[in-house]
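**Q** only geometry, no sequence info:
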């Protein structure tokens with residue numbers, strides 16, 4: 001974890017970056033990030049990148065997100081295991097009471113019924129939902145709203161009242177996205193209905209294009225415990241983004257008939273995974289050891305080792321909000337997050353355990369009953385907040401900075417004090 005503020009010699013520009021910062025609400029429009037890049041919290045291979053950004057003006061920018069996870073359902077456009085956002089956003093019922101949302105940015109969010117007969121859904125964060133027949137509407141307190149029909153994304157509404165509508169062709173795939181009847185994204189295809197690109201944006205802010213080439217990948221079947229190549233299936237092969245850079249995806253099998261993905265072009269990666277579970281086996285020089293919980297919806301304990309036999313470890317206990325990591329040097333980090341309430345998911349504190357067993361707290365946060373930050377201790381600095389804005393910064397009982405704001409919440413003054421409390 002990096003300190004929010006540098007040391008005694010903090011810069012005004014650096015400090016200003018945290019003025020007025022608040023917890024995000026609704027959709028962050030961030031590409032999914034895993035602790036180990038390429039492996040998700042369940043130990044599955046999970047590769048993500050942004051291939052474009054749909055600029056719709058008035059600060060509404062929707063990223064085009066590409067992801068691969070061999071356990072995902074078939075993408076409407078790219079084939080088995082792929083995700084193309086926002087078009088492949090979906091809502092799936094896992095069991096009688098539980099639902100899993102794949103957001104338009106690829107991030108997962110859980111929803112649930114308190115009783116099997118309920119039509120109201122509770123969701124992670126500040127989300128709720130309502131079921132009406134085959135339609136489900138999900139909304140965040142700050143104004144984002146998603147509508148799904150038979151599990152497929154139907155529309156996205158923003159806090160400013162803008163609505164993006166998804167139009168489906170006869171083949172059941174998204175053919176375009178519209179706003180007020182104007183096409184803001186078009187799925188380009190060949191005469192057989194296969195995707196070969198995306199054209200997106202608005203004339204006043206610029207139209208861009210992503211080229212897409214499909215190819216084939218070997219399908220690995222497991223018969224009587226033996227891995228066999230059972231045939232070929234269509235899959236994404238290449239993406240050429242608007243600036244001309246490209247990324248190529250070559251699928252094969254290794255000498256043990258385990259599926260392999262080699263990424264080349266603007267990014268160089270090589271992954272191998274289990275055809276049965278989708279768990280990551282190798283990522284370049286790293287070999288993974290995945291320890292699953294008996295509950296398939298709980299996170300896995302993930303350990304990996306490189307050719308030098310150096311090891312790293314990660315585990316997030318979602319129920320208790322405790323994240324444990326261990327680095328190559330043997331230093332262990334234990335981060336505790338709030339598991340419920342208005343600050344659910346926010347960090348409570350972080351402890352470091354050195355290789356020789358010395359324990360120390362390097363981060364600690366205090367919030368009020370509304371989820372607003374009151375005080376944050378971060379690597380020796382204590383930051384005090386007023387109405388969720390930085391009021392002063394203290395180090396070793398010496399006040400370094402004081403800040404004040406006008407009635408609109410804009411920074412009015414930033415004064416360096418250097419005075420003992």
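**A** In hand now; what should we look at? Predicted model, so just to flag it, every value in this text is computed and none were measured.
**Q** ok, now which ones touch residue 110?
**A** Neighbour list for residue 110: 98-101, 123-124 [criterion: C-beta atoms under 8 Å, 6 or more residues apart in numbering]. (C-beta placed from N, C-alpha, C; glycine too.)
**Q** now swap in residue 306 and tell me
**A** So residue 306 contacts 285-287 (C-beta under 8 Å, 6+ apart).
**Q** what's the closest of these to residue 155?
**A** The shortest approach to residue 155 among the contacts of residue 306 belongs to residue 286, at 40.8 Å (C-beta to C-beta).
**Q** is it true that that closest one touches residue 305?
**A** Yes - with contact defined as C-beta atoms under 8 Å, residue 286 reaches residue 305; the gap is 7.1 Å.
**Q** can you pull out the strands in the stretch 101-250 of the chain?
**A** 108-112, 120-123, 127-132, 135-140, 145-149, 152-157, 163-168, 174-179, 182-189, 195-202, 206-223, 226-240, 246-253 (DSSP state E, counting those that start in this stretch).
**Q** now render those strands as CSV, adding distance to residue 368 and mean pLDDT.
**A** Below are the strands of the stretch 101-250 of the chain laid out as CSV (distance: least, C-beta to C-beta, whole Å; pLDDT from 0 to 100):
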stretch, distance to residue 368, mean pLDDT
strand 108-112, 25, 92
strand 120-123, 23, 95
strand 127-132, 22, 96
strand 135-140, 21, 97
strand 145-149, 28, 97
strand 152-157, 30, 97
strand 163-168, 35, 97
strand 174-179, 38, 96
strand 182-189, 40, 96
strand 195-202, 41, 94
strand 206-223, 43, 91
strand 226-240, 46, 90
strand 246-253, 45, 96
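**Q** what about the residue lying closest to residue 220 once chain neighbours are set aside, neighbour count?
**A** Nearest non-adjacent residue to residue 220, counting by C-beta to C-beta, 6 or more residues apart in numbering: residue 275, 4.0 Å away. Look at residue 275: counted by other C-beta atoms under 10 Å, it has 17 neighbours.
**Q** what about residue 275, distance to residue 247?
**A** Distance, residue 275 to residue 247, by C-beta to C-beta, to the nearest Å: 23 Å.
**Q** over to residue 262?
**A** Distance from residue 262 to residue 247, by C-beta to C-beta: 11 Å.
**Q** so these two - more neighbours on which side?
**A** With neighbours defined as other C-beta under 10 Å, residue 262 and residue 247 compare such that residue 247 has more, 19 against 14.
**Q** beta partners of the more buried one?
**A** Note on residue 247: beta-bridge partners residue 239, residue 265, judged by DSSP bridges.
**Q** I'd say it and residue 49 touch.
**A** Yes - between residue 247 and residue 49 there is a contact at 7.3 Å, judged by C-beta under 8 Å.
**Q** tell me where the model's unsure across the chain.
**A** 1-24, 419, 421 (pLDDT under 70).
**Q** can you pull out the helices in this structure?
**A** Remark: helices assigned in the chain by DSSP state H are 12-16.
**Q** show me what contacts residue 70?
**A** Neighbouring residues of residue 70 by C-beta under 8 Å, 6+ apart: 44-45, 80-81, 259, 273, 275, 278.
**Q** which pair in the residues you listed spans the largest distance?
**A** Using C-beta to C-beta, these span at most 13.9 Å, a distance reached by 44 and 80.
**Q** who has more neighbours out of these two?
**A** Counted by other C-beta under 10 Å, residue 44 and residue 80 do not tie: residue 44 has more neighbours, with 20 against 16.
**Q** how far away is that one from residue 99?
**A** Taken as C-beta to C-beta, the span from residue 44 to residue 99 is 19 Å.
**Q** now do residue 254
**A** In terms of C-beta to C-beta, residue 254 sits 36 Å off from residue 99.
**Q** of those two, give the one with the bigger neighbour count.
**A** Using other C-beta under 10 Å as the criterion, residue 254 and residue 99 rank with residue 99 on top: 22 against 11.
**Q** skipping its backbone neighbours, what lies nearest the more buried one in space?
**A** Using C-beta to C-beta, 6+ apart and skipping residues adjacent in sequence, the residue nearest residue 99 is residue 111, 4.1 Å away.
**Q** I'd guessed the one you found sits against residue 95; true?
**A** No - here residue 111 lies out of contact with residue 95, judged by C-beta under 8 Å, at a distance of 11.9 Å.
**Q** higher neighbour count, those two?
**A** Neighbours of residue 111 and residue 95, each counted by other C-beta under 10 Å, are more numerous for residue 111; the result is 22 against 9.
**Q** thinking again about what came up before, which strand residues bridge the residue nearest to residue 99?
**A** In this entry, residue 111 is beta-bridged to residue 99, residue 123, by DSSP bridges.
**Q** contact partners for it?
**A** 91, 98-101, 121-124, 127, 129, 138.
**Q** one more: residue 182?
**A** Residues counted as contacts of residue 182 (C-beta under 8 Å, 6+ apart) are residue 202.
**Q** ok, so what distance separates it from residue 48?
**A** Applying C-beta to C-beta, the value for residue 182 to residue 48 is 29 Å.
**Q** what's the answer for residue 416, then?
**A** Using C-beta to C-beta, we find residue 416 at a distance of 41 Å from residue 48.
**Q** coming back round to it: of the contacts of residue 110, buried ones?
**A** Buried members of the contacts of residue 110, counted by 16 or more other C-beta atoms under 10 Å: 99, 101, 123.
**Q** got the residues you listed as TSV, with distance to residue 62 columns?
**A** Below are those laid out as TSV (distance: C-beta to C-beta, whole Å):
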residue	distance to residue 62
99	23
101	17
123	21
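**Q** rewinding a little: which one of the strands of the stretch 101-250 of the chain lies closest to residue 387?
**A** strand 135-140 (21.7 Å).
**Q** neighbours of residue 183, how many?
**A** 14.
**Q** specify the beta-bridge partners of it.
**A** Counting by DSSP bridges, residue 183 is bridged to residue 178.
**Q** that one and residue 29: what is the separation?
**A** 20 Å.
**Q** what's the answer for residue 178, then?
**A** As for residue 178, its distance to residue 29 is 19 Å (criterion: C-beta to C-beta).
**Q** so residue 301 is in contact with residue 291, correct?
**A** Yes - assessed by C-beta under 8 Å, residue 301 is found in contact with residue 291 at 4.0 Å.
**Q** distance check, residue 255 against residue 395.
**A** Using C-beta to C-beta, residue 255 is found at 57 Å from residue 395.
**Q** if you count what's nearby, which of those two comes out ahead?
**A** residue 395 (16 against 5).
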